[in-house]
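Asker: Predicted coordinates and the sequence they were generated for:
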Amino acid sequence: MISTRGRYAIRVMIDLAENGRDGFIPLKEIAERQGISKKYLEILVRELVSGGLVAGASGKGGGYRLLRKPEEYPIGEIIELMEGSLSTVACLADGAAPCPRAAACETLPLWEEYNRLTHDFFYGRNLSELLRKQGE
């Protein structure tokens, strides 16, 4: 399940894409538009900055902005930064120890396919697609 961290991070990214064409956007404005507390957004944008998805500037004229074009942000990248791996089962997570039952596991093909579908779904969509859908 994707938590509010992942969902709100996507909303912040959409807001920055829609409103950040002229530079940095103050967090207060994002919080007001999105109906999310500024305090909670401070935690989220700190992770977005440290993850290299957005830039932050303090002081007058400060705020946050995207570092790339909206079409260069796969939704999966945002979710994985905020939530961790999209792997659907532990044995398929990046860096997981090899499962001693893999060769005899009747369910492994099921989980591999589900894992692939999940990954391809979120990495096959980007921020700009959500912008278009918002405007429809």
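Answerer: Received it, and whenever you're ready, just let me know what you need. Please read these numbers as outputs of a predicted model, since none were measured by experiment.
Asker: ok, now which ones touch the residue most central in space within the chain?
Answerer: Most central in the chain under CA atoms, centre = their mean is I78, positioned 1.7 Å from the mean C-alpha point. By CB atoms under 8 Å, 6 or more residues apart in numbering, I78 lies in contact with G6, A9, I10, M13, L53, L127. All C-beta spots, glycine's among them, are computed from the backbone N, C-alpha and C.
Asker: Kindly recompute the last result at 10 Å.
Answerer: I78 makes contact with 6-7, 9-10, 12-14, 48, 51, 53, 122, 126-127, according to CB atoms under 10 Å, 6 or more residues apart in numbering.
Asker: Same check on E72?
Answerer: By CB under 10 Å, 6+ apart, the neighbours of E72 are L66, N126, L127, S128.
Asker: I'd like those residues as TSV, with neighbour count, secondary structure and distance to Q34 appended.
Answerer: Listed next are the contacts of E72 as TSV, based on neighbours: other CB atoms under 10 Å; DSSP: H, G, I helix; E, B strand; the rest coil; distance: CB to CB, whole Å:
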residue	neighbour count	secondary structure	distance to Q34
L66	19	strand	16
N126	19	strand	20
L127	23	helix	15
S128	15	helix	19
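Asker: so which two of those are the farthest from each other?
Answerer: Of all pairs drawn from the contacts of E72, the greatest distance, 12.0 Å, lies between L66 and N126 (CB to CB).
Asker: what residues are shared contacts of these two?
Answerer: Between them, L66 and N126 share the contacting residues E72, Y73, judged by CB under 10 Å, 6+ apart.
Asker: Show me just the buried residues among the contacts of I78.
Answerer: Neighbour-count burial (16 or more other CB atoms under 10 Å) applied to the contacts of I78 gives G6, A9, I10, V12, M13, I14, L48, L53, F122, N126, L127.
Asker: wait, the fourth one sits on E42?
Answerer: Yep, that's V12 we're talking about. No: V12 is beyond contact range of E42, at 11.0 Å (criterion: CB atoms under 10 Å).
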